[in-house]
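*Asks:* here is the input, now give the coordinates:
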Amino acid sequence: MRHIIRIVVPLFFFSILITSILTIHAFVMIPPVYAQTNETNKGTEYQGVAMKGYYTSAKQDYGKNIEFNIPTKYYGDSLRLISEAGMNHIRYIFYWESYAKNPSLFIKELEAVADKADQYGLKVIYDNHQWHTSSWLESRGTGFPHFLFSGNPIYERDSGGNTDSETAKAWWTNWWDRSISANGTDGWTLQSNFLKEVVNLLDKHPSTLGYEILSEPQIHGNDQWEKVGQFNTFMVNELRNVTSKTIAYSQQVPAGINEPTIDVTSENMAKMVPANKENVVYKVSLYGVPTDDYQSQRLSILVNAGELAGVPIYIGEWNNVQRVPSGDVRSIDPESSNITPEDIDLFLTTFDRLGVWGAAFWIWNFIPNPTPNFNLITVNDEGQIVPTQYYEMLKNGVAKVSSNPKIPNNPTPAGATTSP
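*Replies:* Residues are numbered from 1 along each chain as shown. Alright, predicted model coming up:
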């Protein structure tokens with residue numbers, strides 16, 4: 001008996017040691033985002049691309065537009081190619097100032113998108129986009145119409161619309177305080193009226209999946225998180241008067257996890273959720289491979305924010321880019337940015353494992369982009385669409401993920417947490 005004890009006891013402690021080592025190893029090797037497998041394991045329901053048009057993306061200032069001819073059969077050929085790639089979704093980008101510039105051409109183009117999406121069985125989220133606030137503030141910008149800036153000396157023309165601009169900071173602060181107005185009507189009401197026009201035009205189409213309130217709004221202080229939530233609550237309540245379809249609200253910019261001016265935490269981002277969360281999703285962007293330490297942490301924070309808010313995650317923009325310092329911000333470096341087939345597979349597999357509601361690759365646009373992997377298509381001299389190598393990579397990646405059996409649920413490794 002004593003001989004047996006000498007053998008069993010050491011084996012018992014050895015097994016405990018091995019189990020501990022394997023547990024620690026699992027925790028170290030699995031990035032935080034992989035520990036957050038969606039419990040229902042549905043995979044990504046809507047898989048597709050972010051897409052830009054022409055009149056719906058035109059800057060309000062005619063002098064700042066670069067003229068491009070719209071390719072022949074742009075929407076018919078584009079949506080056919082997207083469908084043939086095994087995707088079922090488009091996040092279609094439009095700008096309020098583009099509507100202000102030419103309402104009739106804006107509406108005509110939206111109708112063309114909806115008609116072709118109906119034809120090819122694609123589901124569309126119509127995204128009220130902004131980039132650097134407005135072309136009123138800088139030539140790179142497109143977003144809010146000029147009547148929300150003109151006549152106020154605080155918002156000097158061409159004074160900068162990005163997050164590092166004092167003018168942008170002043171404008172967005174006033175926007176969240178609901179003190180921006182035009183012709184006696186506050187800006188929130190004016191935007192809701194504009195979005196209602198879009199909804200009334202598109203809601204009847206079976207291809208219409210829903211609408212995004214405002215892409216990547218700027219936040220310039222920790223007191224503004226809840227104000228954004230109040231804005232989103234107002235917009236959802238107004239839109240629910242005219243639609244029951246999906247409504248997306250967006251992550252903020254700046255979006256880094258170590259921002260000096262705001263605390264980008266899951267808890268703060270969860271404050272942006274509208275009070276009425278029925279059929280609401282949280283749109284986020286991911287511009288780095290999910291296994292990168294920084295991007296893994298950032299995605300974990302975003303997923304956790306959605307969990308705290310009680311809404312699904314929608315990755316409305318994803319790609320892989322490299323950024324370099326440019327003044328007080330970091331800008332995309334076209335020369336070093338790229339995405340590989342392995343990167344695309346990793347993105348799609350991660351999204352599927354997380355069970356995100358939807359995902360859209362950035363970007364489908366006939367206007368050339370200096371960042372090569374942002375070009376899913378080009379246009380030849382005959383005005384025909386030509387898919388790039390990145391289209392083929394995305395097509396192959398979607399086929400792989402859709403053909404694979406669903407990844408089994410992986411419980412959170414011992415000692416791991418759902419946020420970094």
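*Asks:* what are the ranges of the strands in the protein?
*Replies:* Along the chain, the segments classed as strands by DSSP state E run 46-52, 89-94, 123-128, 181-182, 185-186, 208-212, 246-250, 280-286, 313-318, 323-326, 329-332, 358-364, 377-379, 385-387.
*Asks:* neighbouring contacts of the third one?
*Replies:* By C-beta atoms under 8 Å, 6 or more residues apart in numbering, the residues outside strand 123-128 that reach it are 46, 48, 50, 88-96, 110, 113-114, 117, 191, 195, 198, 202, 207-215, 246, 248, 314, 316, 358, 360. Backbone N, C-alpha and C define where each C-beta goes, glycine included.
*Asks:* please redo it, this time with the cut-off set to 6 Å
*Replies:* 46, 88-93, 117, 207-212, 214-215 (C-beta atoms under 6 Å, 6 or more residues apart in numbering).
*Asks:* scan those residues and report the most crowded one.
*Replies:* Within the contacts of strand 123-128, R91 tops the neighbour count with 31 neighbours, counted by other C-beta atoms under 10 Å.
*Asks:* I'd guessed that residue sits against W362; true?
*Replies:* No: using C-beta atoms under 6 Å, R91 is not in contact with W362; the gap is 9.0 Å.
*Asks:* what's the nearest residue to the spatially most central residue of the chain if we skip its chain neighbours?
*Replies:* Nearest residue to the geometric centre of the chain (C-alpha atoms, centre = their mean): G316, 3.0 Å. Spatial nearest neighbour of G316, excluding adjacent residues (C-beta to C-beta, 6 or more residues apart in numbering): K283 at 4.2 Å.
*Asks:* burial count for the one you found?
*Replies:* Using other C-beta under 10 Å: K283 sits among 24 other residues.
*Asks:* ok, it to G151 distance?
*Replies:* Noted for K283: a distance of 32 Å to G151, by C-beta to C-beta, to the nearest Å.
*Asks:* re the thing from before, so which of the contacts of strand 123-128 is the closest to N369?
*Replies:* Nearest to N369, judged by C-beta to C-beta, of the contacts of strand 123-128 is I93 at 13.3 Å.
*Asks:* which ones are touching the closest one?
*Replies:* Counting by C-beta under 6 Å, 6+ apart, I93 makes contact with K52, D127, H129.
*Asks:* ok, now F194?
*Replies:* Counting by C-beta under 6 Å, 6+ apart, F194 has contacts W96.
*Asks:* kindly report the same for F149.
*Replies:* W136, Y155.
*Asks:* how far is stretch 294-310 from where the chain is centred?
*Replies:* Taking C-alpha atoms, centre = their mean, to the nearest Å, one finds the center of stretch 294-310 at 13 Å from the center of the full chain.
*Asks:* which phi and psi does R140 have?
*Replies:* Main-chain dihedrals, R140, degrees, to the nearest 10: phi -70, psi -20.
*Asks:* closest to E238 out of the contacts of strand 123-128?
*Replies:* Y211 (11.4 Å).
*Asks:* distance of the closest one from N232?
*Replies:* Noted for Y211: a distance of 12 Å to N232, by C-beta to C-beta.
*Asks:* who touches both of R91 and W362?
*Replies:* A50.
*Asks:* sorry, back to before: make a markdown table out of the contacts of I93 and add neighbour count.
*Replies:* Formatted as a markdown table, these follow (neighbours: other C-beta atoms under 10 Å):
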| residue | neighbour count |
| --- | --- |
| K52 | 19 |
| D127 | 27 |
| H129 | 24 |
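*Asks:* low-confidence ranges in this structure?
*Replies:* The model of the chain has pLDDT under 70 over residues 1-42, 62-67, 326-330, 405-420.
*Asks:* what segments of it are helices?
*Replies:* Ranges of helices in the chain, per DSSP state H, are 2-29, 74-84, 96-101, 103-120, 166-176, 187-202, 225-239, 266-270, 293-309, 341-354, 389-403.
*Asks:* would you mind pulling up the elements that the last one packs against?
*Replies:* Here helix 389-403 is seen to pack against helix 341-354 when contacts are counted using 3 or more C-beta pairs under 6 Å, 6 or more residues apart in numbering; DSSP states H and E.
*Asks:* how far off centre is the helix it packs on?
*Replies:* Relative to its parent chain, helix 341-354 has a centroid offset of 16 Å by C-alpha atoms, centre = their mean.
*Asks:* next: stretch 93-112.
*Replies:* The answer for stretch 93-112 is 21 Å, by C-alpha atoms, centre = their mean.
*Asks:* just the buried positions in it, please.
*Replies:* Across stretch 93-112, burial judged by 16 or more other C-beta atoms under 10 Å covers 93-102, 106-107, 109-110, 112.
*Asks:* nearest to E267, out of those: which one, please.
*Replies:* Nearest to E267 among the buried residues of stretch 93-112, counting by C-beta to C-beta, is I93 at 29.6 Å.
*Asks:* list the contacts of the closest residue to that closest one other than its chain neighbours.
*Replies:* In space, I93 comes closest to H129 once its chain neighbours are excluded; the distance is 4.5 Å by C-beta to C-beta, 6+ apart. For H129, the contacting residues are I93, Y95, S215, by C-beta under 6 Å, 6+ apart.
*Asks:* please redo it, this time with the cut-off set to 7 Å
*Replies:* Residues near H129 by C-beta atoms under 7 Å, 6 or more residues apart in numbering: I93, F94, Y95, G143, S215.
*Asks:* and it, what are its phi and psi?
*Replies:* When read as degrees, to the nearest 10, the backbone of H129 gives phi -100, psi 160.
*Asks:* burial count for the residue nearest to P217 when sequence neighbours are not counted?
*Replies:* Once flanking residues are discounted, P217 sits nearest to Q252: 5.8 Å by C-beta to C-beta, 6+ apart. Using other C-beta under 10 Å as the criterion, Q252 is surrounded by 21 other residues.
*Asks:* give the bridge partners for T208, please.
*Replies:* Beta-bridge partners recorded for T208 (DSSP bridges): V124.
*Asks:* wait, doesn't it sit right on K245?
*Replies:* Yes: using C-beta atoms under 7 Å, T208 makes contact with K245 at a distance of 6.2 Å.
*Asks:* coming back round to it: so can I have TSV of the strands of the chain showing distance to S134?
*Replies:* Shown next, in TSV, are the strands of the chain (distance: least, C-beta to C-beta, whole Å):
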stretch	distance to S134
strand 46-52	17
strand 89-94	14
strand 123-128	13
strand 181-182	13
strand 185-186	17
strand 208-212	18
strand 246-250	17
strand 280-286	20
strand 313-318	20
strand 323-326	20
strand 329-332	18
strand 358-364	20
strand 377-379	27
strand 385-387	30
